[in-house]
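Student: Give the three-dimensional model of this entry:
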Amino acid sequence: MKKLLITLALGFSVTLPASADSPTELFVSVNSGNPQTQGMALVLATQAMEQKAGVRVLLCSEGGQLAVKGKESAVLKPRNVTPNQILQGLMKAGAKVEVCALFLPNSDLKPTDLIEGVEVAKPGEVTKYLLQSHVKTLTY
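Tutor: Here you go, the predicted structure:
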């Protein structure tokens with residue numbers, strides 16, 4: 001039987017059986033404020049979508065700034081796009097994008113400060129999603 005290793009942000013891993021019948025989902029958690037790190041996470045998420053995986057992005061800490069209206073980051077080579085633009089492309093392609101539940105209350109921002117389509121994550125729903133055997137995680 002196939003096994004799927006999930007490494008959680010809290011520093012421990014869980015191995016769950018992987019079902020070949022379930023479609024692959026990729027959960028990408030972006031915590032870094034570094035544009036290159038953000039960009040790489042989002043490029044991999046884009047590649048996953050192009051390979052027919054469902055993608056869900058959780059923006060926390062400095063990564064949450066990607067979801068704030070009017071915040072732009074550095075233009076990245078070789079494609080000359082910002083992480084914000086890559087995120088917008090993911091959203092247009094159908095990725096679910098959320099900020100972590102602690103982001104707004106700890107940054108003096110309101111839901112209206114977020115770009116259209118970004119939601120506030122509900123920890124119980126995120127946990128339920130992560131515990132599904134066909135979900136793979138990527139943390140940056």
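
Student: Just the buried positions in stretch 60-77, please.
Tutor: 60-68, 73, 76 (16 or more other C-beta atoms under 10 Å). Quick note: C-beta positions are derived from backbone N, CA and C, even for glycine.

Student: now do stretch 125-140
Tutor: 126, 130, 134-138, 140.

Student: where does the chain have low pLDDT?
Tutor: By pLDDT under 70, the low-scoring segments of the chain are 1-22.

Student: hey, where'd the helices end up in the protein?
Tutor: 35-50, 83-92, 123-130 (DSSP state H).

Student: Now render these as a markdown table, adding distance to Ser107.
Tutor: Output for the helices of the chain, formatted as a markdown table (distance: least, C-beta to C-beta, whole Å):
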| stretch | distance to Ser107 |
| --- | --- |
| helix 35-50 | 17 |
| helix 83-92 | 17 |
| helix 123-130 | 17 |
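
Student: And Glu50, how close does it get to Ala95?
Tutor: 12 Å (C-beta to C-beta, to the nearest Å).

Student: How about Gly39?
Tutor: 15 Å.

Student: which of the two has more neighbours?
Tutor: Gly39 (25 against 22; other C-beta atoms under 10 Å).

Student: Let me know whether that one touches Pro78 as I believe.
Tutor: No: Gly39 lies out of contact with Pro78 (C-beta atoms under 8 Å); the separation is 11.1 Å.

Student: in the protein, which residue is closest to the centre?
Tutor: Val57 (2.0 Å; C-alpha atoms, centre = their mean).

Student: Could you measure from that residue over to Lys77?
Tutor: In terms of C-beta to C-beta, Val57 sits 22 Å off from Lys77.

Student: before we move on, what about Pro83?
Tutor: With C-beta to C-beta as the criterion, Pro83 and Lys77 are 13 Å apart.
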